[in-house]
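Visitor: here are the coordinates; sequence isn't available:
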């Protein structure tokens, strides 16, 4: 039985030894791989126009926006966490009424930052849902962000993560609107 892969490789090597590839156009220069022979003709034209105008398909722009969004959200929460730690450290050992009020204010700001981060994760997950509808190849789809995993990765203590998920009294009260 003939092994076609080995046979083809042998024929290519023989042709190389005879110098049959020495005078091909573009020898020694990078290959121009701008055209994709597997694209439908209409898509090939569309991608060519996008490339000529330095533009990207909408799904690629959506992916970039998601990547930028999560990095910005993480950076904002890291910055707030650092501010909180430094502010609480500056108040360490102080028990006067002003210091207690300042600690309460710092913790309230931290709570607001955590809730803002949770809202931002929910917004990004909505963007991921829409992105997954647009992406042309299923294996390019993205998984949604898990709030708990994100907080753990940023070093947030487990008790604060659990407290964030417990509904606050104001969020369970019926709305008057």
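Guide: Yep, it's here. Since the structure is predicted, the reported quantities are computational estimates derived from the model, not experimental observations. Residues are numbered from 1 along each chain as shown.
Visitor: For the most centrally placed residue in the chain, give its distance to residue 89.
Guide: Centroid-nearest residue in the chain, with C-alpha atoms, centre = their mean: residue 67, separated by 3.1 Å. Here residue 67 is placed at a distance of 33 Å from residue 89 (C-beta to C-beta, to the nearest Å). (C-beta placed from N, C-alpha, C; glycine too.)
Visitor: Check residue 128 too.
Guide: Distance check for residue 128 against residue 89: by C-beta to C-beta, it reads 37 Å.
Visitor: Sketch out the low-pLDDT regions of the protein for me.
Guide: Low-confidence segments of the chain (pLDDT under 70): 1, 33-34, 166-177.
Visitor: try 90 this time
Guide: Where the chain drops to pLDDT under 90, the residues are 1-8, 16, 19-58, 136-139, 157, 160-177.
Visitor: In it, mark out all the helices, start to finish.
Guide: Per DSSP state H, the chain carries helices over the ranges 4-18, 41-52, 58-90, 97-134, 147-153, 158-165, 169-172.
Visitor: Let me have those helices in TSV, extended by distance to residue 32.
Guide: Output for the helices of the chain, formatted as TSV (distance: least, C-beta to C-beta, whole Å):
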stretch	distance to residue 32
helix 4-18	22
helix 41-52	12
helix 58-90	22
helix 97-134	29
helix 147-153	42
helix 158-165	52
helix 169-172	58
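Visitor: so which of these gets nearest residue 140?
Guide: Among the helices of the chain, helix 58-90 comes nearest to residue 140, with 7.9 Å by C-beta to C-beta.
Visitor: Of residue 128 and residue 89, which one has the most company?
Guide: Taking neighbours as other C-beta atoms under 10 Å, residue 128 and residue 89 compare with residue 128 leading, 20 against 9.
Visitor: any idea how far residue 70 is from residue 63?
Guide: From residue 70 across to residue 63, the span is 11 Å (C-beta to C-beta).
Visitor: I appreciate the help and will end here.
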